[in-house]
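J.: fold the following and give me the result.
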Amino acid sequence: MMFDLPEFTTLYDALVARDERFDGRAYVGVTSTGIFCRLTCPARKPKPENCRFFGSVGACIDAGFRACKRCHPLAPMAAADPLVDRLLQALEARPGYRWSEDDIGAMGLDASTVRRSFKRHFGMTFLEMARQRRLRQGFTALSAGDPVIAAQIDAGFDSASAFRAAFARLIGQSPGQFNRDALLLADWIETPLGSMIAVSCRHALHLLEFIDRKALPRELARLQQSSNGGLGFGRPEPTAQVAEELGRFFSGDSACFATPLALNGTAFEQQVWGALQLIPAGETRSYSQLARDISRPSAARAVARANGANQLALIVPCHRVIAADGSLTGYGGGLWRKQRLIEIEQRYGDAK
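T.: You can find the predicted model right below:
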């Protein structure tokens, strides 16, 4: 199904409360002005009798509404925030720099405002994002075969122990624990929604997760135990293929993924993951609908657990499962990413 809009009262209450759970999935057209907005638009709220609600930007335009110039419903949320856009450009220009709140202040920005904005858009602060970016520099150096000390310098860490500790917190093991002869190889993939880690053998992709997912170290440890071959650095063909497919997905060219997958789970989990892959881009299901799809109508909670155990973000699209009332539910990569993924995929759905 496409996203079924909740009843008018629910959406109007969300509009008044600026409820972010519906952002990117429901829009309001204001008949008195001819403008359409996000439900989180900071503009003065229209009267109920002047509101019409839509499930996509395309539906608003088809109905004759123009995009609001305050909340920019045609642009990704973060790109519409000039403060965020400015800092992202600064980070892109100096990826290895050790940013501090003094630097933010020197740019004439209030540090607490920046913290709130980045938390709202990305689920992490700007300084956390900058630190993650520096670790990527180190990861790239290690992948190229550089010694740990060179990777530490590339990542901008003065202390070897601090670099090892930061790396271990992110990946679950220090750089020295990676095995040069491992069957499973990890590499870093940059996407518009943040950095991802891909782990592949020569034949299939085993794991694809956003780097800040809290369960990532545990998932990597479980994967290594099941493979019994350790983990190394590198980009086998499945990782190269999924990196290319992710690029096509985010550029709006294709939502198809053909990378061979290794589904490491129980028979039930694999059944649920198979059902998830059958949900077309631009559509969503509730947990109870997914349970009925696999002929297990009373297993909605087990389906939810299997959904949460998915280790192949985007490729096995667990982000396409929402609550029965149409609101977003938990997502290991962060609700803001789930919202953005659904928003991106609406364009694929509209194009059908």
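J.: stretch 261-273: end-to-end distance?
T.: The separation between the terminal residues of stretch 261-273, taken as Cα to Cα, to the nearest Å, is 11 Å.
J.: just the strands in the stretch 51-200 of the chain please.
T.: Remark: strands of the stretch 51-200 of the chain, listed N- to C-terminal, are 51-54, 66-67, 184-191, 194-200; assignment by DSSP state E, counting those that start in this stretch.
J.: the ones you listed: which one's closest to Gly138?
T.: strand 184-191 (9.9 Å; Cβ to Cβ). Where you see a C-beta, it was placed from the backbone N, CA and C, and this is true even at glycine.
J.: what angle sits between the closest one and strand 194-200?
T.: Per axes from the mean of the first three to the mean of the last three Cα atoms, to 10 degrees, the angle that strand 184-191 makes with strand 194-200 is 150 degrees.
J.: let me see the contact set for Leu246.
T.: Contacts were defined as Cβ atoms under 8 Å, 6 or more residues apart in numbering; by that measure Leu246 touches Ile189, Thr191, Met196, Leu314.
J.: out of the strands of the stretch 51-200 of the chain, which is the most enclosed?
T.: strand 194-200 (a mean of 24; mean count of other Cβ atoms under 10 Å).
J.: packing partners for the helix or strand following that strand?
T.: For strand 194-200, the following helix or strand on the C-terminal side (DSSP states H and E) is strand 205-210. Other helices and strands packing on strand 205-210, by 3 or more Cβ pairs under 8 Å, 6 or more residues apart in numbering; DSSP states H and E, are strand 194-200, helix 216-227, helix 237-250.
J.: pick the most deeply packed of the ones you listed.
T.: strand 194-200 (a mean of 24).
J.: which helices and strands does that strand pack with?
T.: Taking 3+ Cβ pairs under 8 Å, 6+ apart as the contact definition, the neighbouring helices and strands of strand 194-200 are helix 126-143, strand 184-191, strand 205-210, helix 216-227, helix 237-250.
J.: out of the helices and strands packed on strand 205-210, nearest to Gly34?
T.: Evaluated over the helices and strands packed on strand 205-210, closeness to Gly34 peaks at helix 237-250, with 31.6 Å, by Cβ to Cβ.
J.: what's the following helix or strand after that closest one?
T.: helix 267-276.
J.: I'd like the average pLDDT over that following helix.
T.: In this model, helix 267-276 has a mean pLDDT of 96.
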